[in-house]
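A.B. asks: Kindly generate the corresponding structure for this input.
(2 chains)
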2 protein chains.
Amino acid sequence: MQKTADIGKFYYFFPQTVAMVGVNQNVMPAAWHTPISADPPLYGVLISPKRHTLQLLSKENGFTANFLEFNFASLIAKTGGVSGRNTNKLDKFGIKYSPAEKINGPILQESYAAYECEKFAMHEYGDHFLCIGKIVMIHYRKDIIRGQLIITIDPSTLSVFKRE
Amino acid sequence: MQKTADIGKFYYFFPQTVAMVGVNQNVMPAAWHTPISADPPLYGVLISPKRHTLQLLSKENGFTANFLEFNFASLIAKTGGVSGRNTNKLDKFGIKYSPAEKINGPILQESYAAYECEKFAMHEYGDHFLCIGKIVMIHYRKDIIRGQLIITIDPSTLSVFKRE
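C.D. replies: Below is the predicted model of the structure:
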C-alpha cells in the first residue's frame, strides 16, 4: 500500500451512479449523493453554493433525484458544463421530462428511476451544502425490473475513473 | 414509468461501492456513504445508532473508510451480520490490517484504497447518524493505478440488486 497526506480529489470511492438533481425547470448532475435514513426515507445530495440549483432550491419545496443508465453519461456531463442561470438545459439538450407530482421539479423521461424529495434539512459542511429530502414518491421503469434484477451496467463504462 | 408512494427500501440509486468503516479494532460495512466537501476534504458515512461502531466512534478521534474489490462482497456481507460488541470481527474473519497512522482504526490490507478520517461533525438525521470525517491520509494500492485507470469491476457482480 502506498500512502499520501496530499488528499487531492480523493476519487477512490468510485464507482457510483450520478444523481441528476432537478429543481423547478433545471437539472444538475450530483456525483455526491447518498441515502440518509430508512424511516423516514431520506435522501441527500451535495450541492455547492456556487450552483444555481442551490439558489433555486432555497425557493422551492424540494427536488427530484433522477438516475440514468450509463449510456447517458455524456449527456449528464454536458448538463454539468453549463449553468441554468442563463440556459434552460432541459430545452438545450432536448431532455424530455414530466413535472413531478408533489414537488416543483422534473422527472426525466429517460431515467430508470427517480425520487421526489420534499425538503427536509439543509446543512453546510465544508464547501458544499448537504440537501436532504424526504422521498415522497418513486418513479421507475417497470421494464428494468425483471424478477430480482433491477439494473445492469455496461462493464466497459466502469473503467473511466481518471486519476488527476 | 410506474410510480409509487410506497417508498420501501428505495434501492434505486445502486450500484455503488460499500465502505468498510473501521473504528478501534472493529469494522462494519456502510452501504450509505458519500464525499461531503472537497476543501476541506470531508467524507461522510451513515451509521445507525443501533450499531456498535457508533458507540466506538463516540470515544475515538475518527474512523477509516476502506474500499474493497467486489470479490470481497461475501466477506463484507458477513462483517455486517455480526456485531463487534461480542466478537472481534477482524480476528473471526481473518481480516488482515495495519493500524492507521492518525486515527485509531484499521487499514484493511486487502483494500484498494482507504481513507483515514478525523472526526469533523456528527448529525442525526432520521434513523441514522451522518458521521463526517476530514480525510487526513489516503492509503492505496499502487498496482491498481495503471495510467488513467484506477479500478474495474467484474460486470457479473452488478446485477445482484434484489428488489424486496
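A.B. asks: For the spatially most central residue of chain A, list the residues it contacts.
C.D. replies: The centre of chain A sits closest to residue A:19, judged by C-alpha atoms, centre = their mean, with a distance of 1.9 Å. Applying C-beta atoms under 8 Å, 6 or more residues apart in numbering or on different chains to residue A:19 gives the contacts A:29, A:30, A:33, A:45, A:65, A:66, A:67, B:13. Quick note: C-beta positions are derived from backbone N, CA and C, even for glycine.
A.B. asks: Identify the bridge partners of the fourth one.
C.D. replies: Going back to what we said before, that points to residue A:45. For residue A:45, the beta-bridge assignment (DSSP bridges) gives partners residue A:33, residue A:131.
A.B. asks: Would you confirm that it contacts residue A:31?
C.D. replies: No: counting by C-beta atoms under 8 Å, residue A:31 is not a contact partner of residue A:45; they are 9.6 Å apart.
A.B. asks: So these two - more neighbours on which side?
C.D. replies: Taking neighbours as other C-beta atoms under 10 Å in any protein chain shown, residue A:45 and residue A:31 compare with residue A:45 leading, 26 against 17.
A.B. asks: Adjacent strands (with direction) for the worst-scoring helix or strand of chain A on mean pLDDT?
C.D. replies: Taking mean pLDDT, DSSP states H and E as the measure, strand A:2-4 is the helix or strand of chain A with the lowest mean score, a mean of 88. Sheet pairing of strand A:2-4 (DSSP bridges) gives strand B:128-140 (antiparallel).
A.B. asks: burial measure for the residue nearest to residue A:3 when sequence neighbours are not counted, as a count.
C.D. replies: If the residues on either side of it in the chain are set aside, residue A:3 comes closest to residue B:139, at 4.7 Å by C-beta to C-beta, 6 or more residues apart in numbering or on different chains. Neighbour count of residue B:139, defined by other C-beta under 10 Å: 23.
A.B. asks: I'd like the distance between the residue lying closest to residue A:135 once chain neighbours are set aside and residue B:8.
C.D. replies: In this structure, residue A:135 finds its nearest non-sequential neighbour in residue A:41, 4.3 Å apart by C-beta to C-beta, 6+ apart. Applying C-beta to C-beta, to the nearest Å, the value for residue A:41 to residue B:8 is 8 Å.
A.B. asks: between the two, which one's more packed in?
C.D. replies: When residue A:41 and residue B:8 are compared on other C-beta under 10 Å, the one with more neighbours turns out to be residue A:41, at 22 against 12.
A.B. asks: Now do the more buried one, the pLDDT please.
C.D. replies: Turning to residue A:41, the model gives it a pLDDT of 96.
A.B. asks: Residue A:49 now?
C.D. replies: pLDDT at residue A:49 comes out at 97.
A.B. asks: where along chain A do the helices fall?
C.D. replies: A:52-59, A:73-81, A:89-92 (DSSP state H).
A.B. asks: Compare those and say which comes out lowest on pLDDT.
C.D. replies: helix A:73-81 (a mean of 92).
A.B. asks: Run through the neighbouring helices and strands of that helix.
C.D. replies: On a contact count with 3 or more C-beta pairs under 8 Å, 6 or more residues apart in numbering or on different chains; DSSP states H and E, helix A:73-81 meets strand A:26-30.
A.B. asks: tell me the mean pLDDT for the strand it packs on?
C.D. replies: 97.
A.B. asks: Give the pairing partners of it; include direction for each.
C.D. replies: Counting by DSSP bridges, the strands paired with strand A:26-30 are strand A:19-23 (antiparallel).
A.B. asks: Only C-alpha atoms, please: export the partner strand in CSV.
C.D. replies: Output of strand A:19-23 as CSV, limited to C-alpha atoms (Å, rounded to 0.1, in the frame of the first residue of the first chain):
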residue,chain,number,x,y,z
ALA,A,19,-28.0,11.7,-9.4
MET,A,20,-29.5,14.2,-11.8
VAL,A,21,-31.0,16.7,-9.4
GLY,A,22,-34.0,18.6,-10.7
VAL,A,23,-35.4,21.8,-9.2
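A.B. asks: Just want the angle from it to helix A:52-59.
C.D. replies: Here strand A:19-23 points in a direction 50 degrees away from that of helix A:52-59 (axes from the mean of the first three to the mean of the last three C-alpha atoms, to 10 degrees).
A.B. asks: how about strand A:19-23: buried residues?
C.D. replies: For strand A:19-23, a neighbour-count test (16 or more other C-beta atoms under 10 Å in any protein chain shown) marks A:19, A:20, A:21, A:22, A:23 as buried.
A.B. asks: I'd say the last one and residue A:105 touch.
C.D. replies: Just to be clear, that refers to residue A:23. Yes: if you go by C-beta under 8 Å, residue A:23 and residue A:105 touch, sitting 5.2 Å apart.
A.B. asks: For these two, list the residues in contact with both.
C.D. replies: Taking C-beta under 8 Å, 6+ apart as the criterion, residue A:23 and residue A:105 both touch A:60, A:62, A:63, A:64.
A.B. asks: So, low pLDDT: which residues of chain A?
C.D. replies: In the prediction, chain A carries residues with pLDDT under 70 at positions A:144-164.
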